[in-house]
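Peer 1: Give me a model of this one.
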Amino acid sequence: MRKDILLLIAWTAAVLCPPTLWGQSLSSTSMQKSSRIDLNKLIKKANSGSIPAQFQLGHAYQHGEGVNEDIYEAIRWYRMAANYGDPSSQTNLGYLFETGPEGIKDLAQAVKWYTRAALSGSAVAQANLGLLYIRGEGVTKSVGDALHWIRPASDANCPTALVALAYLYGSGEGVPQDLPRAVELMRKAARQKDPEAQASLGIFYAQGLGVRADASEAIKWFRKAAEAGSAKAEYGLGIMYETGQGVKQDAHEALRLYRLAGAHGSMEAEAALGEIYELGQGVESDYGEAATWYRRAIDQGDVHSATRLGMMLFRGERMGRDAQEAVKLWSWASERGDARAQFDLASLYLTGTGVHRDLAKAYSLFTLAGKTLDVSKQLSEVSSRMSQDEMATLR
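Peer 2: You can find the predicted model right below:
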């Protein structure tokens, strides 16, 4: 059952969920290949008004090339060139404001500088701005506005734009759903060695989405992306090894890849590892390890992990029992539509276990869970215990 659930989550997420891309940062063809720079000479040129020198200083401080990394200095030099209208500096300034740490991150500023660069024709800025519109970050979410910026960037073969446009065609959001078109766009980006596109191509081939299913082709693209450190590809490759698709089934290799993907931030891999260690699938059951991975997945918004961890804490088997924490986790997952959490929480309100007995709440939660699960028996039981006045409050 776990495999089926996680396969569904992993494959559909790549096609139906917004891309997890951040904006791109630019480098310049005029950048020195060596990490050594003549700092004094470069500063003198930059202070004399040389835009390339200002950009190069910003890039050097952004990446710690020849100088100590210093995001504030990077912003200072990029801003100098950006104010003179340099699209590359405007793009990178927007990128720093989009992705910077607390105290630096400012989405309004990111939108401002991306827009200036995009209007000047920067394909990367156009793609970055389009992604903000897809996610509704710093701007009102608008697929129409996203397409306005992403289309010209994809016409310029910007990989980030190609992947974003492929997501829109894959999900049918804002455009008619067209999986073959999504595959075509992903392939264009993958040919430019874009790991996100390569990993997504692997999923398309693994599931036969827009193309004929081909496990060998899926493995090929997963490997390319995994070599570049793609967590999505590592997780996808792990699934192939766990299920024996295109490769010899190997639970140990699957576990290694899941752990690698989890370490790189894959929520799906973290959730998978939680269940593997909870249920002892191919490893010795370890509730402490399971809880660690579940919590990491929960921190990224995985409701299934919250439901599983809630049950572990409620039962208290081989770990400390914490009914209050279980209720919190089930409440959180229930609010986000997890039917199993709604069912478990309803059961507590029905019996008054760990919470104040509340038949109306139990009835409401069972009703929500009933959209997915068979709860006819439970609803009948709750109804039989409720008074006419209590039932009237539910109408």
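Peer 1: From now on I want contacts and neighbour counts done on CA atoms only, so please keep to that.
Peer 2: Fine.
Peer 1: any idea how far Gly262 is from the closest residue to Met267 other than its chain neighbours?
Peer 2: Nearest non-adjacent residue to Met267, counting by CA to CA, 6 or more residues apart in numbering: Ala297, 5.0 Å away. Ala297 is 9 Å from Gly262, where distance means CA to CA, to the nearest Å.
Peer 1: With Leu359 instead?
Peer 2: Taking CA to CA, one finds Leu359 at 40 Å from Gly262.
Peer 1: and what of Asn83?
Peer 2: Distance from Asn83 to Gly262, by CA to CA: 41 Å.
Peer 1: Tell me how many other residues surround Asn68.
Peer 2: The tally of other residues near Asn68 (other CA atoms under 10 Å) stands at 12.
Peer 1: Give me the pLDDT for it.
Peer 2: You'll see Asn68 listed with a pLDDT of 93.
Peer 1: Same check on the one 3 residues further on?
Peer 2: At Ile71 the predicted local confidence, pLDDT, stands at 96.
Peer 1: surely it meets Tyr61?
Peer 2: Yes - the criterion here is CA atoms under 8 Å, and Ile71 meets it with Tyr61 at 6.4 Å.
Peer 1: between those two, which one's more packed in?
Peer 2: Neighbours per residue (other CA under 10 Å) separate Ile71 from Tyr61, with Tyr61 holding more: 22 against 19.
Peer 1: tell me which element that one falls in.
Peer 2: helix 51-63 (DSSP states H and E).
Peer 1: and if you look at Thr353?
Peer 2: Applying DSSP H and E, one finds Thr353 in no helix or strand.
Peer 1: Might you list the low-confidence residue ranges for the stretch 1-150 of the chain?
Peer 2: 1-36 (pLDDT under 70).
Peer 1: where do the strands sit along it?
Peer 2: Ranges of strands in the stretch 1-150 of the chain, per DSSP state E, counting those that start in this stretch: none exist.
Peer 1: Could you point out the helix or strand that follows the host helix or strand of Ile203?
Peer 2: Assessed by DSSP H and E, Ile203 sits inside helix 195-207. Downstream of helix 195-207, the first helix or strand assigned by DSSP H and E is helix 215-227.
Peer 1: Against which helices or strands is that following helix packed?
Peer 2: helix 195-207, helix 231-243 (3 or more CA pairs under 8 Å, 6 or more residues apart in numbering; DSSP states H and E).
Peer 1: buried residues in the next helix-or-strand element following the last one?
Peer 2: If you walk from helix 231-243 toward the C-terminus, the next helix or strand you reach (DSSP H and E) is helix 251-263. Within helix 251-263, the residues that count as buried by 16 or more other CA atoms under 10 Å are Ala251, Glu253, Ala254, Leu255, Leu257, Tyr258, Arg259, Leu260, Ala261, Gly262.
Peer 1: ok now helix 251-263, how far from the chain's centre?
Peer 2: 18 Å (CA atoms, centre = their mean, to the nearest Å).
Peer 1: ok, Thr353 - how many residues close by?
Peer 2: 13.
Peer 1: please begin residue numbering at 42 from this point
Peer 2: Got it, the first residue is 42 from now on, which makes the last one we talked about Thr394.
Peer 1: how close does it get to Ser388?
Peer 2: 8 Å.
Peer 1: How about Glu237?
Peer 2: Counting by CA to CA, the gap from Glu237 to Ser388 is 42 Å.
Peer 1: Comparing the two, which residue is more hemmed in?
Peer 2: In this view Glu237 and Ser388 are compared by other CA under 10 Å, and Glu237 has more residues nearby, 27 against 20.
Peer 1: which residues sit in contact with the more buried one?
Peer 2: Leu62, Val204, Ala231, Ala266, Ser271, Lys273 (CA atoms under 8 Å, 6 or more residues apart in numbering).
Peer 1: Give me the nearest residue to the fourth one, chain neighbours excluded.
Peer 2: Pointing back at Ala266 there. Closest to Ala266 by CA to CA, 6+ apart is Pro236, at 4.5 Å.
Peer 1: Before we move on, what's the pLDDT of the one you found?
Peer 2: Reading off the model, Pro236 has pLDDT 94.
Peer 1: my read: Ser195 touches Leu203, true?
Peer 2: Yes - counting by CA under 8 Å, Ser195 touches Leu203, with 5.0 Å between them.
Peer 1: the helices in the stretch 42-191 of the chain, which residues?
Peer 2: Taking DSSP state H, counting those that start in this stretch as the criterion, the stretch 42-191 of the chain carries its helices at 43-57, 80-88, 92-104, 112-124, 128-140, 148-160, 164-176, 184-196.
Peer 1: Now do the fourth one: which elements does it pack against?
Peer 2: This points to helix 112-124. Using 3+ CA pairs under 8 Å, 6+ apart: helix 112-124 touches helix 92-104, helix 128-140.
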